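Asker: 3D model of this:
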Amino acid sequence: MARPPKTRWLWTREEDYKLKRCKEEHPNEPWGEIIKRANLQDRDEKSCSHRWNNYLKFDFNDGEFSQQEDELIINLKSGGMSWAFMSKQRLLEGRSANAIKNRWYNHLKKSTATPLMNDQTTDHSLSEDDIKARLSSLFTDNDIEASFIEDDIQAYVSFLLSPTDYD
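Answerer: Reported below is the predicted structural model:
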């Protein structure tokens, strides 16, 4: 017998405050304990974990995306980079995988679509030189230390050229 669907509702500021305060005070507690301590019995562990990891964590940057971040997302996505991998890189530090994915689907995908992107017969894979050129063009030495850029570019290239499918 199927379980009836659980009613969902938006998080309130009070719930956000309780969850954030409790998680910061008890960072290693399991979600079940956090729910009890924060008096959030109407929320389940999955919902609280999702809210914390995608919206409330203290180190997230929830401000506007910069042109540089947009260009980086476009180039990394065209190279097959996963959302999770993008969020863990220093060049998009503070952006959650969910925020990057939402930025792509809500703002960037339509503006970057080309007829070739929908052509199933064309090989759209990028060579190592293509990837390095795309990533290098996004940054100048004034923006970020050059060695930092080269290390990250090499990490991206290695990841993109690996045979494992991460999406």
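Asker: which residue ranges of this protein form helices?
Answerer: 13-25, 31-38, 45-51, 67-78, 83-87, 97-103, 109-112, 128-136, 146-161 (DSSP state H).
Asker: which parts of the fourth one are buried?
Answerer: Which is helix 67-78. By neighbour count on 16 or more other C-beta atoms under 10 Å, the buried set for helix 67-78 is E69, D70, E71, L72, I73, I74, N75, L76, K77, S78. The C-beta positions use only the backbone N, C-alpha and C, and glycine is treated the same way.
Asker: over to the second one?
Answerer: Buried residues in helix 31-38, defined by neighbour count with 16+ other C-beta under 10 Å: W31, I34, I35, R37, A38.
Asker: can you put the buried residues of helix 67-78 in a markdown table and add distance to S87?
Answerer: Output for these, formatted as a markdown table (distance: C-beta to C-beta, whole Å):
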| residue | distance to S87 |
| --- | --- |
| E69 | 12 |
| D70 | 15 |
| E71 | 17 |
| L72 | 12 |
| I73 | 10 |
| I74 | 16 |
| N75 | 16 |
| L76 | 11 |
| K77 | 13 |
| S78 | 17 |
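Asker: what's the most distant pair in those?
Answerer: Of all pairs drawn from the buried residues of helix 67-78, the greatest distance, 15.0 Å, lies between E69 and S78 (C-beta to C-beta).
Asker: just checking, K23 touches I34?
Answerer: Yes - between K23 and I34 there is a contact under C-beta atoms under 8 Å: 5.8 Å.
Asker: residues in contact with K36?
Answerer: Not one residue lies near K36 by C-beta atoms under 8 Å, 6 or more residues apart in numbering.
Asker: what separates it from Q67, distance-wise?
Answerer: Relative to Q67, K36 is positioned 45 Å away (C-beta to C-beta, to the nearest Å).
Asker: do the same with L19
Answerer: Between L19 and Q67 the computed distance is 33 Å (C-beta to C-beta).
Asker: just R51 next, same as before
Answerer: According to C-beta to C-beta, R51 stands 29 Å off from Q67.
Asker: for K46, grab the count of nearby residues.
Answerer: Using other C-beta atoms under 10 Å, K46 has 9 neighbouring residues.
Asker: model confidence at it, what's the number?
Answerer: Note on K46: pLDDT of 93.
Asker: repeat for the one 5 residues further on
Answerer: Per-residue pLDDT puts R51 at 89.
Asker: so where's this protein shaky on pLDDT?
Answerer: Scanning the chain for pLDDT under 70 picks out 1-8, 58, 113-167.
Asker: cool, thanks, signing off.
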